[in-house]
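**Student:** sequence and predicted structure are below.
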Amino acid sequence: MSDVSDRERFDFEREKWRADVTLRERDTTLKEKDSAAARWRSPLVVAIFAAAVAALGNAGVAYLNGSQQLAVENGKAESARILEMIKTGDSDAAAHNLDFLLKAGLITDADRIQRVAAFLETRPAGTGPSLPSPSGRVAFEPTDALKDDMRQSLDNLLQGYIARLDSLGFPAGERVSIKVESTGSYPNAYYKENAIVIDPKLVVDRSVPLREYGHHVLTAGRNVEWRGFYAAIESGLADYLACSYLDNPRLGEAVAKLFSDKPFIRNLANDKSFAELQAVTSRDDMNMPYKGAEVWGGLFWNLRSELGRDSADALVASAWLATKWPEAEDQKSSAFTAALLAAAAQKVPADAARVRKIMTARQFPLPS
């Protein structure tokens, strides 16, 4: 009887011990789980996790805001660019500038591209929006001859021309003053030291003030004496830029009768050769700039007829701005023709051969 009782107590104690071990293991497991859960629920972990979520959210918001802001800024830039390009005072010039923006890829918004293209396609000549350009580049001196309507007409004309010259890369330069006053029995217009003087009899011809403003832009910042072959080239380019802008090779048609029986002062649609300048006996001959204007202007207009207005305008502008004028008088012409060929090769390589062919036919000096 005693043996049975001892065995039963032994079995009971063993089962009790096993149950105790099992409970302790379960308790330990629960504590470990509670401890792990407690770590995730701790204020520090929660704060870090919340901060991380907030940072990711902020990054996403910042990215979306940045993308939207970039789109807004691009839209504003395009709108500002369009507004600047129609500040010409001339509807046709404004339309030409808008066409340039489209072709140059400077308008990227698909809807805006479609609307501008549709406007240009259906626009009747002489119509469309244009804004007056700020007159900070020209200042009119008050005179008895300068009437309000004359001033407004001159300002509109010059602002459109200034916008065109800006688009060709010419520097803005200093402000030029314009004085409309009688120059005596012989009506004249001339430019000197940031000032343009125009006889009121000549204001009716739009090419006259444009040519004089051309002198202001072309000679700005150049320490080259205005004589000889340099003056011939500069005078021809002043003629050409004015005539090209007006799309008319005849300079001074409206006032030619004041000077001669010819229907124009100069006609750039000519076949004059460089040999006519070489025949001038003295580089100081006062006729050299005007004889040269016909010869060089004729070359430029020939290039325009062959290459198109925009290509020719950009070509002669680039060449003028790039030319390094040598001291030697007999090298000035070849320095400019070399710049013309270099500009043509850089812009449209195929045009360089065409430019060389035209200059060769007109006997202009060329680099080897």
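**Tutor:** Yep, it's here.
**Student:** use CA for all of it now, contacts and neighbours both
**Tutor:** Will do.
**Student:** am I right that Y190 is in a strand?
**Tutor:** Yes - applying DSSP: H, G, I helix; E, B strand; the rest coil, one finds Y190 inside a strand.
**Student:** 632 is where my numbering starts, stick with that
**Tutor:** New numbering, starting at 632: the last item is Y821.
**Student:** mind showing which ranges of the stretch 832-981 of the chain have poor pLDDT?
**Tutor:** Applying pLDDT under 70 to the stretch 832-981 of the chain flags residues 912-915.
**Student:** how about the strands in it?
**Tutor:** Using DSSP state E, counting those that start in this stretch, the strands of the stretch 832-981 of the chain run over 881-882, 897-898.
**Student:** how about JSON lines for those, with mean neighbour count added?
**Tutor:** Output for the strands of the stretch 832-981 of the chain, formatted as JSON lines (neighbours: other CA atoms under 10 Å):
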{"stretch": "strand 881-882", "mean neighbour count": "22"}
{"stretch": "strand 897-898", "mean neighbour count": "22"}
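**Student:** let's have those strands in TSV, adding distance to L997.
**Tutor:** Putting the strands of the stretch 832-981 of the chain into TSV (distance: least, CA to CA, whole Å) gives the following:
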stretch	distance to L997
strand 881-882	27
strand 897-898	24
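**Student:** quick one, grab the pLDDT at L777.
**Tutor:** pLDDT recorded at L777 is 93.
**Student:** ok, now how distant is it from S784?
**Tutor:** Distance from L777 to S784, counting by CA to CA, to the nearest Å: 11 Å.
**Student:** for the strands of the stretch 832-981 of the chain, which one sits closest to W857?
**Tutor:** strand 897-898 (20.1 Å; CA to CA).
**Student:** ok, the closest one: who's next to it in the sheet?
**Tutor:** Strand 897-898 has its sheet partners listed here by DSSP bridges as strand 881-882 (antiparallel).
**Student:** who touches both of L777 and S784?
**Tutor:** By CA atoms under 8 Å, 6 or more residues apart in numbering, L777 and S784 have no common neighbours.
**Student:** any idea of the mean pLDDT in stretch 732-746?
**Tutor:** In this model, stretch 732-746 has an average pLDDT of 84.
**Student:** distance from it to the middle of the chain?
**Tutor:** Using CA atoms, centre = their mean, to the nearest Å, the distance from the centre of stretch 732-746 to the centre of the chain it belongs to is 15 Å.
**Student:** how about the contacts made by P831?
**Tutor:** Applying CA under 8 Å, 6+ apart, we find P831 in contact with 776-777, 811-813.
**Student:** and it, how far from M781?
**Tutor:** As defined by CA to CA, P831 lies at a distance of 9 Å from M781.
**Student:** coming back round to it: apply the buried test to the contacts of P831 and list what passes.
**Tutor:** For those, a neighbour count by 16 or more other CA atoms under 10 Å gives the buried set as 777, 811-813.
**Student:** how about these in a markdown table, adding distance to S942 and secondary structure?
**Tutor:** Output for these, formatted as a markdown table (distance: CA to CA, whole Å; DSSP: H, G, I helix; E, B strand; the rest coil):
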| residue | distance to S942 | secondary structure |
| --- | --- | --- |
| L777 | 37 | coil |
| V811 | 34 | strand |
| E812 | 37 | coil |
| S813 | 38 | coil |
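**Student:** need the max-distance pair from those residues.
**Tutor:** The widest separation within the buried ones among the contacts of P831 (CA to CA) is 10.6 Å, between L777 and S813.
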